[in-house]
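Undergrad: Give the three-dimensional model of this entry:
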Amino acid sequence: MTERPSKDHDNAEAGASPRPPAVEEPRRVVLGAVHNMRDLGGLETADGRVVRSGVLFRSDMLKHATGSDLERIGALGLRTVIDLRRPDEIALHGHFEAEGVDYRHLELRHLRWELFEQEPATHDERVLFLRQRYSGFLESGSDAIRESLDLITNQSPTLVHCIAGKDRTGIVVAVTLGLLGVAEADIAADFALTASGQQRYQAWAEREGLEVFRGLTTPEEAMLGTLQELRSRYGSFEGYARIIGFADVDKLKDALLD
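TA: Down below sits the predicted model:
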């Protein structure tokens, strides 16, 4: 991998420094130079089942991963890595390669955030900005979301990542967990945990003498509002899945739930 830091919306939009979540961060995969990787295992569903540990992971990009980090990632037994970044981001930063792991580039298409002239300044403005962008992801990125769901269903254990593992990754993971039956409050709480990953990245970059970009926070309200918008537009997670062409919800549950 040959990658460098990027001023991208997933890692570098304007705004206040992220605050850590109020609850202790669970399920984190502790690595030296990858700052936001965690296992989605252990989350409960409405029907009393549990997301199986070791089958679905989310992460920031792996460009700075050390040798020991790569050994730890290799021990996860991944079959598939889904990269949601743009082609220019991959050209700039490189991508993950490992023997026996199916690397898939599934660009989640979206408006380029860095082209917006108005930067959200207050907490409420940031929440609104994220809700608007995330709701847009559900349509502009529907092909990548559908293909990600197919791979997660058929080729787990799977790792999903973008730049910071926050925005594009957050939407793919949210839809997946919603289809599994995880409560929306728990989906939003997991999304909010990325604030700690952002802080770890910023502290690490400062120690390494790299330019540090301050990113938008990951407020639970932004994800909750996005999921509310999903239900308003499509009726349910299953309704959204049907519209984008994903029909294997039962198979997804069999693959990921205990």
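Undergrad: could you pull out the strands for the stretch 1-150 of the chain?
TA: Under the criterion DSSP state E, counting those that start in this stretch, the stretch 1-150 of the chain contains strands at 38-39, 56-59, 80-83, 102-105.
Undergrad: How about the stretch 151-258 of the chain?
TA: With DSSP E, counting those that start in this stretch as the criterion, the stretch 151-258 of the chain has strands spanning 158-161.
Undergrad: what residue ranges in it are flagged as low confidence?
TA: 211-216 (pLDDT under 70).
Undergrad: if we go to 80?
TA: Applying pLDDT under 80 to the stretch 151-258 of the chain flags the ranges 201, 205, 209-216.
Undergrad: And the helices in it?
TA: Here the stretch 151-258 of the chain has its helices, by DSSP state H, counting those that start in this stretch, at 168-180, 184-192, 194-207, 220-234, 237-244, 249-256.
Undergrad: what comes up buried for the third one?
TA: Looking back up the chat, that one is helix 194-207. For helix 194-207, a neighbour-count test (16 or more other CB atoms under 10 Å) marks 194-202, 204-205 as buried. Every residue, glycine included, has its C-beta placed from N, CA and C.
Undergrad: swap in the first one?
TA: By neighbour count with 16+ other CB under 10 Å, helix 168-180 contains the buried residues 168-180.
Undergrad: Out of those, the closest to Arg85 would be?
TA: Nearest to Arg85, judged by CB to CB, of the buried residues of helix 168-180 is Arg168 at 7.7 Å.
Undergrad: any idea how far Gly74 is from that closest one?
TA: 24 Å (CB to CB, to the nearest Å).
Undergrad: Could you measure from Val249 over to Leu138?
TA: From Val249 to Leu138 the distance is 17 Å (CB to CB).
Undergrad: Tell me which of those two has more neighbours.
TA: Leu138 (20 against 17; other CB atoms under 10 Å).
Undergrad: Give me the spatial nearest neighbour of that one, chain neighbours excluded.
TA: With sequence-adjacent residues excluded and distances taken as CB to CB, 6 or more residues apart in numbering, Leu138 is closest to Leu230, at 6.2 Å.
Undergrad: tell me the contacts of that neighbour?
TA: Going by CB atoms under 8 Å, 6 or more residues apart in numbering, Leu230 touches 135, 138, 175, 178, 237, 240.
Undergrad: Next, format the strands of the stretch 1-150 of the chain as CSV and append mean pLDDT, mean neighbour count and distance to Leu128.
TA: Formatted as CSV, the strands of the stretch 1-150 of the chain follow (pLDDT from 0 to 100; neighbours: other CB atoms under 10 Å; distance: least, CB to CB, whole Å):
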stretch, mean pLDDT, mean neighbour count, distance to Leu128
strand 38-39, 96, 22, 27
strand 56-59, 97, 25, 24
strand 80-83, 96, 22, 28
strand 102-105, 96, 15, 31
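Undergrad: Relative to Glu125, which of those strands is closest?
TA: strand 56-59 (26.0 Å).
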